[in-house]
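J.: Got a predicted model here, sequence first, then my questions.
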Amino acid sequence: MKERAKFFVIQMGRMGDVVQSLPLLKRLRDEKFPCEITLLCIREPAQLLGSVVPVDRFVSIPYGYYKKLRSRENPSTGLRFLLEIAELRESYDLVINLTHDLLAASLCYNIRSRKKSGLVQDREGRVSLEGDWGKYLFSVATDRNNRAQNLINLVDIHIGMGGLRHQAMEKWLETGEEEEQSAEELLVEHGWKRRGKLVAFQMGANQPHRAWPVGHFARLGETLTDHPDVETVLLGAPGESGLGEEFLRKAPIPAVNLIGKSRVSELPAILTKCDLLVSNDTGTAHIAAAVGTRVLGLYFSTAFFGETAPFGGGHVVLQVETECTPCLKDRCQETWCRDYLCVEAVQASAKRMLFGRTEPLSEFPNLSIYESRFLSNGTLIYLPAAEKISERYQNAFLNRILWENALGLEHDEKFLAGFGAKLLALESFRSTMEAVRTEYASLSSHYHETLKTLYQAALAGNLPDAGKIGANGFTRNSLLRAFHRFEMMGLGGENPLEAHRELIQKHAKLNSMVNASLGILEAMASEDFPGDLPR
């Protein structure tokens, strides 16, 4: 009988983060069965999960308390308290840390496990990233330009961090018949007529700068309900009740107002009754995707579709694309980028999703429309829904192809034959390819010379300081520069010979990645593209 594997997953994020972790948990259960999965998470989102999630043991901590532990002047105090929890004192086959703070990183280090994935901080305070997918995630998350170059969904990154095969997934959060019946009764109680299509609006967001104006939602609702078979329902937490009141003042239409009138645990079943959710980048949007309800996502300011767009096929995202989006912590006092997300664009996209209209989409300044689909390698991608393909997306798509190779994903050759050929017809895309090819050729030369120097030093017995071996040759602010930095974390152990050997191994790995990417770029530029892309 196969021995049962034990997995420990650390996810101390809020609702949306937890929901985006569910496919990883499901894939762990499906691929590694029989296994035991323990999830450490914030208590509030755990209300949503209940018995429908493939987790054997929940260890939940109130958000306010975890935040307090994390912000202590002496983090070791919080660490010692958490390590008193019985489940954290056991041994595991794999610990996966999906949380970006140093308390979680210290936990990851201190939990006994044969293997770690994600951010780790040892007792001396040294921070490292374990696994290529974790390094890629932090390469993306720490720089605005790198975020704009990323087209790999956070859910797929999480699955990669678990060392699992990627797989197309729909309806990955289950709801029971009794829950759905209760949701229907709640909707009817608050005015749902069951005339036809039900469109949900999530107008709130965890921060005001991420929220589309209520007045815009009111105009959208008025337009959609011109159709006699469309009704609207307003969703939100009790603290967002003012948004519902403002909507009802501004929209001369009836609406089912459930803001603050349902529990978090009821939200998945309520969303199964909806034909469409129009939402800011929120946990509600991810719950809707998880139960199979189509989402029209509104993305601007700090929100960026490449990372956190809903996971599943057939969703649509409207992404504002300006020079300074997506922003990180430094952002405008006034969210002026939101002005580009006009009501007309949202109306047109909603009608296409509701009624299957096929007329070409209009183009709007600094706004792109993307629709999701799964590739043959099991990962998700968002593709332009209009004819125009922004230069930002062209660059990001090229990065996507190169990083698929670096992260061990098979290419979808049939897809590349179609969409790749469309891109190659654009002069701007060929210019981008040539610029990337030039940089990668320079990096290949740099890594080759560095490896030569390292081997010669080893033969001469004159080992250089590992920390002084830098990364030259980067001509652009690239994901690869950040990945190089994270790959070099943890070097410089007490044994100089061992550190030198590890330095050679890491440079050889990076050199191999760069050369493989060069091969792909050359194949794409050839007349017989796509053919069989090199690996």
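T.: Cool, got the structure.
J.: Please give me every residue in contact with residue 47.
T.: Residue 47 makes contacts with 263, 264, 265, as judged by CB atoms under 8 Å, 6 or more residues apart in numbering. No exception for glycine: its C-beta is placed from N, CA and C like everyone else's.
J.: Listing request: residues of the stretch 401-535 of the chain with sub-threshold pLDDT.
T.: For the stretch 401-535 of the chain, applying pLDDT under 70 flags the ranges 462-477, 492-494, 527-528, 530-535.
J.: ok, of the contacts of residue 47, which come out buried?
T.: Buried members of those, counted by 16 or more other CB atoms under 10 Å: residue 264.
J.: Reformat the contacts of residue 47 as CSV; add secondary structure and distance to residue 450.
T.: Conversion of the contacts of residue 47 to CSV gives the following (DSSP: H, G, I helix; E, B strand; the rest coil; distance: CB to CB, whole Å):
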residue, secondary structure, distance to residue 450
263, coil, 57
264, helix, 52
265, helix, 55
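J.: Same list, the contacts of residue 47, but as JSON lines with distance to residue 98 and pLDDT please.
T.: Putting those into JSON lines (distance: CB to CB, whole Å; pLDDT from 0 to 100) gives the following:
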{"residue": "263", "distance to residue 98": "25", "pLDDT": "87"}
{"residue": "264", "distance to residue 98": "20", "pLDDT": "86"}
{"residue": "265", "distance to residue 98": "22", "pLDDT": "87"}
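J.: for the contacts of residue 47, which one is nearest residue 70?
T.: Residue 70 lies nearest to residue 264 out of those, by CB to CB, at 22.7 Å.
J.: residue nearest the centroid of this protein?
T.: The centroid of the chain falls nearest to residue 154 when counting by CA atoms, centre = their mean (2.1 Å).
J.: Grab the nearest non-local neighbour of it.
T.: Excluding the flanking residues, the one nearest residue 154 by CB to CB, 6 or more residues apart in numbering is residue 307, at 5.0 Å.
J.: Following the helix or strand bottoming out on mean pLDDT in the chain in sequence, what is the next regular element?
T.: Every helix and strand in the chain was compared by mean pLDDT, DSSP states H and E; the lowest is helix 43-49, with a mean of 77. Where DSSP states H and E defines the elements, the next helix or strand beyond helix 43-49 is strand 57-61.
J.: average model confidence for the helix or strand that that next one is followed by?
T.: Following strand 57-61 in sequence order, the next helix or strand is helix 63-70 (DSSP H and E). Here helix 63-70 scores 87 as its mean pLDDT.
J.: quick one, helix 63-70 and strand 57-61 angle?
T.: Calculated by axes from the mean of the first three to the mean of the last three CA atoms, to 10 degrees, helix 63-70 forms an angle of 70 degrees with strand 57-61.
J.: what comes up buried for helix 63-70?
T.: 63, 66, 69, 70.
J.: what helices or strands is that helix leaning on?
T.: Applying 3 or more CB pairs under 8 Å, 6 or more residues apart in numbering; DSSP states H and E, we find helix 63-70 packed against helix 75-82, helix 102-110.
J.: mean pLDDT for the ones you listed: which is lowest?
T.: helix 75-82 (a mean of 82).
J.: Name the residues that touch it?
T.: 61, 68, 69, 70, 72, 88, 102, 103, 106, 107, 110.
J.: Now do the same contact list for the residue nearest to residue 154.
T.: By CB under 8 Å, 6+ apart, the neighbours of residue 307 are 140, 141, 147, 150, 153, 154.
J.: From those, which land in helices?
T.: Under the assignment DSSP state H, those contribute 140, 141, 147, 154 to helices.
J.: ok, the third one - contacts?
T.: Shown here is residue 147, whose contacts under the criterion CB under 8 Å, 6+ apart are 140, 141, 304, 306, 307, 326, 328.
J.: Roughly how far does it sit from residue 141?
T.: From residue 147 across to residue 141, the span is 7 Å (CB to CB, to the nearest Å).
J.: Please enumerate the strands of the stretch 301-450 of the chain.
T.: For the stretch 301-450 of the chain, the strands defined by DSSP state E, counting those that start in this stretch occupy 316-320, 367-374, 380-384.
J.: okay, those strands, which one's buried deepest?
T.: Neighbour counts (mean count of other CB atoms under 10 Å) averaged over each of those peak at strand 316-320, with a mean of 25.
J.: average pLDDT across it?
T.: In this model, strand 316-320 carries a mean pLDDT of 96.
J.: Remind me what it packs against, helices and strands.
T.: Judged by 3+ CB pairs under 8 Å, 6+ apart, the packing partners of strand 316-320 are strand 295-299, helix 343-355, strand 367-374.
J.: wait, which of the buried residues of helix 63-70 is closest to residue 320?
T.: For the buried residues of helix 63-70, the nearest to residue 320 is residue 63 (29.4 Å; CB to CB).
J.: for the closest residue in space to that closest one that isn't next to it in sequence, what are its contacts?
T.: In space, and not counting its chain neighbours, residue 63 is closest to residue 42: 4.7 Å by CB to CB, 6+ apart. Listed by CB under 8 Å, 6+ apart, the contact partners of residue 42 are 12, 13, 14, 18, 60, 61, 62, 63, 66.
J.: thinking residue 240 is in contact with residue 258, fair?
T.: No: with contact defined as CB atoms under 8 Å, residue 240 does not reach residue 258; the gap is 10.8 Å.
J.: and which of the contacts of residue 47 is nearest to residue 429?
T.: Using CB to CB, the contacts of residue 47 come closest to residue 429 at residue 264, 44.1 Å.
J.: That closest one and residue 236, how far apart?
T.: Residue 264 is 11 Å from residue 236, by CB to CB.
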